[in-house]
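1. whatever this is, show me its structure:
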Amino acid sequence: MADPTTTDAVPTATLPTGAADTATGPKTMDAGKWANKRVYLRLVIYTAGIHVFAGFIMLLFELGNRHH
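-> Modelled structure (predicted):
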């Protein structure tokens with residue numbers, strides 16, 4: 001006899017398929033619009049960090065080029 005608490009006993013048709021998309025775009029499953037704002041904030045921070053790092057690498061190349 002199968003254990004009813006395992007996922008094997010639950011038919012796949014009764015599992016939730018996820019939240020529907022809204023007019024503002026798809027929402028994440030954990031917190032809706034607040035999670036989307038966190039994603040956009042993280043995107044801005046990562047983009048700025050990558051640009052700062054790239055600028056530092058370019059500065060190193062410029063300083064290295066002055067030696068010759």
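2. quick check: the gap between Ile50 and Ile57.
-> From Ile50 over to Ile57 the distance is 11 Å, taken as Cβ to Cβ, to the nearest Å. All C-beta spots, glycine's among them, are computed from the backbone N, C-alpha and C.
3. what do you get for Tyr40?
-> Relative to Ile57, and taking Cβ to Cβ, Tyr40 is found at 26 Å.
4. Ile45 too?
-> For Ile45 relative to Ile57 (Cβ to Cβ), the value is 19 Å.
5. what does Arg38 give?
-> Counting by Cβ to Cβ, the gap from Arg38 to Ile57 is 29 Å.
6. counting neighbours, go ahead and name the busier of those two.
-> Arg38 (13 against 10; other Cβ atoms under 10 Å).
7. quickly find the element holding that one.
-> In this structure, Arg38 sits in helix 33-65 according to DSSP states H and E.
8. what about the chain, any weak spots by pLDDT?
-> Along the chain, segments meeting pLDDT under 70 span 1-32, 68.
9. now His67, what's its secondary structure?
-> Each residue gets one of three states, and His67 gets coil by DSSP: H, G, I helix; E, B strand; the rest coil.
10. run a quick neighbour tally on it.
-> Residues near His67, counting by other Cβ under 10 Å: 5.
11. how much space separates it from Leu60?
-> Distance from His67 to Leu60, by Cβ to Cβ: 12 Å.
12. list the buried ones in stretch 33-41?
-> Judged by neighbour count (16 or more other Cβ atoms under 10 Å), stretch 33-41 contains no buried residues.
13. got the CA positions of that stretch in CSV?
-> In CSV, the C-alpha atoms belonging to stretch 33-41 read as follows (Å, rounded to 0.1, in the frame of the first residue of the first chain):
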residue,chain,number,x,y,z
LYS,A,33,5.6,42.2,-7.0
TRP,A,34,8.0,42.6,-4.1
ALA,A,35,10.1,39.7,-5.4
ASN,A,36,10.1,41.3,-8.8
LYS,A,37,11.4,44.6,-7.3
ARG,A,38,14.2,42.7,-5.6
VAL,A,39,15.1,41.1,-8.9
TYR,A,40,15.3,44.5,-10.6
LEU,A,41,17.3,46.0,-7.8
